[in-house]
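**Q** Fold the following for me, if possible:
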Amino acid sequence: MKRFLRILLLLSASLVVNACSSCSKLGDITVGRYNIVSLRPQGFRCIVGTVSIEETNNGPTVTVTSLDGKIFKGDDLLGTITLEEPLVLPGPKTCWTDINAKIVLEPDFSALTIVRLLRNPDLSEFTVSFKAKMKVGPLKAVYWKNNIPLESLIRK
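**A** Here you go, the predicted structure:
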């Protein structure tokens, strides 16, 4: 179960980095290493956690003011991911940045489903969709993607 929660938390970090690096005006943002700082369940359906990433931003400083994402297995919604607080990716430089995220699992997503997913994790069945609001200096942008295969997001 804890392994699955770690995967979901790392997925939220991947969503943020993908949102920032996909918008060409924001420059080149990559992630080197990462550490899971904290992972706290809140009830049976909610997980709050922090991932520390070593990011290299070769462009200007980027602020991600909000990010809302959804994880799907086929057509079934498994859960939602949101940032707990705005995220600042300073640039141009390499530094460690904390991403605080909240993951809420859908009521139909049971513990037995999690166990089955851990035994046979076929990432090709999963997709994610997200919308991120970003700011570079005085410029603001909204970036969204739908139905990104989870495999391609994790490989980046």
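
**Q** ok, residue 94 - how many residues close by?
**A** 13 (other CB atoms under 10 Å). Every C-beta, even on glycine, is put in place using the N, C-alpha and C of the backbone.

**Q** For residue 32, see how far away it is.
**A** Residue 94 sits 8 Å away from residue 32, going by CB to CB, to the nearest Å.

**Q** Quickly list what's touching both of those two.
**A** Common contacts of residue 94 and residue 32 (CB atoms under 8 Å, 6 or more residues apart in numbering): 54, 55, 56.

**Q** Sort out which of those are in strands and list them.
**A** Within the shared contacts of residue 94 and residue 32, residues falling in strands by DSSP state E are 54, 55, 56.

**Q** Which residues in the helix or strand hosting residue 67 does the neighbour count mark as buried?
**A** Using DSSP states H and E, residue 67 falls within strand 62-73. Residues 62, 63, 64, 67, 69, 70, 71, 72 are the ones in strand 62-73 that count as buried (16 or more other CB atoms under 10 Å).

**Q** downstream neighbour of the helix or strand of the chain with the lowest mean pLDDT in the secondary structure list?
**A** None of the helices or strands of the chain scores lower by mean pLDDT, DSSP states H and E than helix 111-119, at a mean of 60. Of the helices and strands lying after helix 111-119 in sequence (DSSP H and E), the nearest is strand 126-136.

**Q** CA atoms only: put that following strand into CSV for me.
**A** C-alpha atoms of strand 126-136 as CSV (Å, rounded to 0.1, in the frame of the first residue of the first chain):
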residue,chain,number,x,y,z
PHE,A,126,-3.4,4.6,-16.8
THR,A,127,-3.8,8.1,-18.1
VAL,A,128,-3.7,11.5,-16.4
SER,A,129,-5.3,14.9,-17.2
PHE,A,130,-4.3,18.1,-15.6
LYS,A,131,-4.7,21.9,-15.6
ALA,A,132,-2.0,24.2,-14.3
LYS,A,133,-1.9,27.9,-13.8
MET,A,134,1.5,29.4,-14.0
LYS,A,135,3.2,32.8,-13.8
VAL,A,136,6.5,34.1,-15.2
